[in-house]
Structure formats: structure tokens, C-alpha cells
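A.B. asks: quick one, structure for this:
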Amino acid sequence: MKALALDFDGVISDSAPEAFVVAIRTFREEFPESGFGAGAEEDATLLARFLEIMPLGNRAEDFGVALAAIDRDVPLADQAAYDAFYAGLDRARLKAFHKRFYRVRHAWSESAPDGWYSRIQPYPGICAWLRERSTDVRLAVATAKDRRSVHALLERYGIADLFGEGWVHDKETGVSKRAHIEAIASATGCDPTEVTFIDDKVNHLHDVSALGARCLLAGWGYNGEREFAEARAAGFGVATLEGLDAAVFDR
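C.D. replies: Numbering: from 1, shown residues only. Here you go, the predicted structure:
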């Protein structure tokens, strides 16, 4: 292995609490008829329900889908149920939610940066592990999050120096994680088969595995047995924070 590429949200950064708050604020603006009151942002039960649905979506609009299902008390136990519910929603309103979500996030990060950062903490131990292993392999980030935000958070986490200029790939590199991994392999001077990729979305692993890269699902964060079983059935390993050395370096 020559390079280790990691998704940012859900792998390095526990961004789900931040996404939940932004989603609630956006939903209340875009869907004022919803039943989410002023205390929804601090509702632990609501957050837990939101996290159960999160793995079934991929884009900001999917946060709106999750909240719509919760608001209407519609259970979404699997991908088929999610897709069916999604198909019945107003696409124009979902598109508007998607756009507003990023405006709400930006406004929060600009007006109250400390409060915003407090909701986006790194997963326990991940920063120390990355620093320890940074001498063994080229580290890179492959993310849908904007590069500016990622660099700001890496600075906050104290590991920005591990990902120098050109090693954080966002949508400017390409819209897919496959494009990110291709760029990382090229910059490293290696074949994609010499890259290991860790992501929190099984569909991203399917996309990248077509290049021959080794793919692992992050077994921490909001993924559960539903996602673990799907990953293993597709032949992907499931890594844990405690077992990263064994999963990534076969130690």
C-alpha cells in the first residue's frame, strides 16, 4: 500500500451532530408546516432516529427526506423503504432544501464558529492514529465536503500538517470518489491497487473498488449491522477504531 485515502465526514470527523442541527434549521425554514419545535435541535431521541436513517442517503437533500419521514412517523427500515418514500416526495421542495441547507450551514459557521465547530469533533483516537501512521503511508482525504471547511477543521483537530497542499480532494477534483482515488494514485505515483480507501458509505466503496483499490467500511459513527452486513456481502472489510492497524496494515 502506497496511499491511504479517507473520507472526511463519518470517517475522520463526527459531523452527524452538525448535519442534524443544520438539517433541523433548514427543514423548519423550508417546511414551516412541520412539527419540529424550537427544542428539536437538542432532542436526543430525534437525533437517534435521524442517525438511523442517515446511512440510507448520500446528499444534503437526503437529510430532508429523513426528517420528513420522522415528521410523518414513517418507518424506513431499509433502502427499499427509503427509496419508495423518497419517490413520493416533492422533488422541487427537496431541491430547495438542498440549496438552503448549505446556506444555513455557511451562515452558522460564519456567525458562531465556535458553536459550529463544537458539533464537528473528530472521532476518538483517529487523529493520534493518523499522526502515528503518517510516516508509513501517504495520507489523503477524498470528500464531498468543500476543501475550505475541511482544511479549517483539520487545523482545529491539529492534523492539518498531515494533509499538505493537494492532498485534500473535494468536488473540484471530481464529483465521484472514484475520481478522487484516481487523482490520489496519480499524485502518489502508484497504481490504484496500491491505495486503501476508507468510507462510511457502501455505495462509494462499490464505485472505487472498480479501480482495484482496497476498500474498507468505517465501522464507527452511525453505521450499524445493516451497513456492516451489506459491506461484508460485497466483499469489503469493516474496520473499527480499535482495530485500524489490523484492518489497514494487517498488523
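A.B. asks: if you drop the residues flanking it in sequence, what lies closest to residue 184?
C.D. replies: Counting by Cβ to Cβ, 6 or more residues apart in numbering, residue 140 is the residue found nearest to residue 184 once chain neighbours are left out, at 4.6 Å. Backbone N, C-alpha and C define where each C-beta goes, glycine included.
A.B. asks: check the gap between the one you found and residue 124 for me.
C.D. replies: Separation of residue 140 from residue 124 (Cβ to Cβ, to the nearest Å): 22 Å.
A.B. asks: of these two, who's got more company?
C.D. replies: Higher neighbour count among residue 140 and residue 124: residue 140, with 26 against 10, using other Cβ atoms under 10 Å.
A.B. asks: ok, back up a step: list the contacts of the residue nearest to residue 184.
C.D. replies: When contacts are counted by Cβ atoms under 8 Å, 6 or more residues apart in numbering, residue 140 touches 3, 4, 5, 6, 163, 167, 168, 169, 184, 187, 188.
A.B. asks: wait, which of the residues you listed is closest to residue 63?
C.D. replies: Distance to residue 63, by Cβ to Cβ, is smallest for residue 6 among the contacts of residue 140, at 22.0 Å.
A.B. asks: paired strands for the helix or strand where the residue nearest to residue 184 lies, with orientation please.
C.D. replies: Assigned by DSSP states H and E, residue 140 belongs to strand 138-142. Strand 138-142 has the following sheet partners, assigned by DSSP bridges: strand 3-6 (parallel), strand 168-169 (parallel).
A.B. asks: out of those strands, nearest to residue 148?
C.D. replies: Nearest to residue 148, of the strands paired with strand 138-142 and by Cβ to Cβ, is strand 168-169 at 9.7 Å.
A.B. asks: my read is that residue 136 contacts residue 249, right?
C.D. replies: Yes: with contact defined as Cβ atoms under 8 Å, residue 136 reaches residue 249; the gap is 7.1 Å.
A.B. asks: in the chain, which helix has the most residues?
C.D. replies: helix 91-111 (DSSP state H).
A.B. asks: what's the spacing between that helix and its chain's center?
C.D. replies: Relative to its chain's centre, helix 91-111 lies at 17 Å (Cα atoms, centre = their mean, to the nearest Å).
A.B. asks: now it: average pLDDT?
C.D. replies: Averaging pLDDT along helix 91-111 yields 94.
A.B. asks: any idea which helix or strand carries the nearest residue to residue 191 once chain neighbours are set aside?
C.D. replies: Nearest residue to residue 191 in three dimensions, chain neighbours excluded: residue 185, at 6.3 Å (Cβ to Cβ, 6+ apart). With elements taken from DSSP H and E, the one containing residue 185 is helix 177-188.
A.B. asks: who touches that helix?
C.D. replies: 2-3, 5, 7, 138, 140, 142-143, 166-167, 169, 173-174, 191-192, 194-195, 197, 199, 204, 207-208, 210-211, 213.
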